[in-house]
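Q: model this:
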Amino acid sequence: MDYALTAIAAGALLWAVVIYNRLVRDRNRVAAGWSDIDVQLKRRHDLIPKLVAAVQQYASYESSTIAAITELRKEAGAREGVERARMEGDISRGLQRLIALAEAYPELQASENFLSLQRDISAVENDIQYSRRYYNGAVRNLNTRIESFPDLVLARLFAFRPRDYFELETPS
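A: Purely as a prediction, here's the structure:
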């Protein structure tokens, strides 16, 4: 009888350790994914002033688009979570408008500096997309584990919380 109780207790303890370790692993993957996104967003934020300066040289009267992107860049750095994702989506749309605006200036399109910046921005946007996919996959796994039985028992006991997805585009 004691052997059976000991085996059940050992099994329950082993189960708890395995579940807890999986929850910690998934939480750490979410944190690593967010860190990757943050690095890419900082790279993009570093490129924006250079791109704005290049466009300003040729399109000085297009100041409203340039000012809007510059202001969004400043504000987004101070935000977190869903609010930051919304602002980063606005920055992405602003960069698209800025590059589209540059198409009206053939001399700007011929500038090697501008073309290099355009390639860099495009590469960073792709890196942001890949980082966002990884992060959202990690969030999905963590949220599923937190909401699924039997993992939810330990998740609630140790205060694991669901995380928000990082979406750059609005549904509309």
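Q: pLDDT below threshold where in the protein?
A: Across the chain, residues meeting the criterion (pLDDT under 70) sit at 1, 58-65, 77-78, 168-172.
Q: Find the residue at the geometric middle of it.
A: Ile37 (4.0 Å; Cα atoms, centre = their mean).
Q: my guess is that one contacts Ile128, does it?
A: Yes - assessed by Cβ atoms under 8 Å, Ile37 is found in contact with Ile128 at 6.8 Å. For glycine as for every other residue, the C-beta is placed from the backbone atoms N, C-alpha and C.
Q: And the contacts of stretch 93-100?
A: By Cβ atoms under 8 Å, 6 or more residues apart in numbering, the residues outside stretch 93-100 that reach it are 48, 51-52, 55, 65-66, 68-69, 72, 118, 121, 125.
Q: what's the neighbour count on the residue nearest to the residue nearest to the centre of the chain when sequence neighbours are not counted?
A: Counting by Cβ to Cβ, 6 or more residues apart in numbering, Ile37 lies nearest to Ser131, which is 4.5 Å off, once chain neighbours are set aside. By other Cβ atoms under 10 Å, the residues close to Ser131 number 20.
Q: if we can go back for a sec, let's have the contacts of stretch 93-100 in CSV, adding neighbour count, distance to Ala110 and secondary structure.
A: Converted to CSV, these look like this (neighbours: other Cβ atoms under 10 Å; distance: Cβ to Cβ, whole Å; DSSP: H, G, I helix; E, B strand; the rest coil):
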residue, neighbour count, distance to Ala110, secondary structure
Ile48, 20, 22, helix
Leu51, 22, 16, helix
Val52, 18, 19, helix
Val55, 23, 14, helix
Thr65, 17, 21, helix
Ile66, 21, 20, helix
Ala68, 16, 26, helix
Ile69, 22, 22, helix
Leu72, 21, 28, helix
Gln118, 20, 12, helix
Ile121, 21, 18, helix
Glu125, 15, 23, helix
